[in-house]
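> quick one: sequence and predicted model below, then my questions.
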Amino acid sequence: MSNQILTEVSAQMKKTVEHTLHEFSTIHTGKASPTMVESVMVEAYGSAVPLKSCAAITTPDARLIQIQPWDKGLTRAIEKAVQLANIGVHPVADGNLIRLPFPELSRERRQQFVKTVRRLAEEGCIAVRHARRDAIETAKQQKKNGQISQDDETRLEEDIQEATDKFTKDIDISLAHKEKELLTLWFVPLRSFILLTTRFYSEAFSLPAKFKLDRIS
């Protein structure tokens, strides 16, 4: 019986951590990541499916997500789904591709996001502690009813506390990682910038091929 209590509370705590990490993932840091859109639900073939199941999602650089539908007919539906997901980035359709350019976050905006993730982390830790409290109360009640011994109750409370410490630590570690992401400035690599700029002017002014190669080599 005591094992069942520990198993159930551990599963509940794990679910809380997973929910907290999911909430973290919805806050973008200015650095593009496929996980930000993978779970966006798209209306396809008469049902709602995750974006990752109907398109290839890549990050050509740190500030851009590129989506390529496996079925060209879903391009519009994917574009609409991303817009409705309200992730703070406007999708730009380009033929069979959908691009999500992430603007650089201001310092003030980053600080606001840090406050938000700290709040989410605290809410997660509180939920874990509430699960601990309920599990310990269940253990005490079972001891009172004669279902478990005093030694069983003591060991169970120790195991519950150990699980509590583990899952709150998981949240703390993820919080520290998220804060670091939010406070780190991400820039498009210089070579990528040169390539993109040269390509633009080459196409706009029909510069000779030799010029292109000389300038980006």
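Yep, it's here.
> which stretches of the chain form strands?
For the chain, the strands defined by DSSP state E cover 41-44, 47-50, 55-61, 64-69, 92-94, 97-101.
> winner for burial among the ones you listed?
Highest mean neighbour count among the strands of the chain (mean count of other CB atoms under 10 Å): strand 64-69, with a mean of 20. (C-beta placed from N, C-alpha, C; glycine too.)
> now the angle from that strand to strand 97-101?
If you take axes from the mean of the first three to the mean of the last three CA atoms, to 10 degrees, strand 64-69 sits at 160 degrees to strand 97-101.
> make 238 the first number, not 1, from now on.
Sounds good: first residue 238 from here, last item strand 301-306.
> now do strand 301-306, average pLDDT.
Taken as a whole, strand 301-306 has a mean pLDDT of 94.
> likewise stretch 383-394?
Stretch 383-394 comes out at a mean pLDDT of 92.
> in TSV: the strands of the chain, plus distance to Asp407.
Shown next, in TSV, are these (distance: least, CB to CB, whole Å):
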stretch	distance to Asp407
strand 278-281	27
strand 284-287	25
strand 292-298	26
strand 301-306	27
strand 329-331	37
strand 334-338	29
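> looking at those, which is nearest to Arg346?
strand 334-338 (16.2 Å; CB to CB).
> which elements pack onto the closest one?
Packed against strand 334-338 by the contact rule (3 or more CB pairs under 8 Å, 6 or more residues apart in numbering; DSSP states H and E) you find strand 301-306, helix 312-322, strand 329-331.
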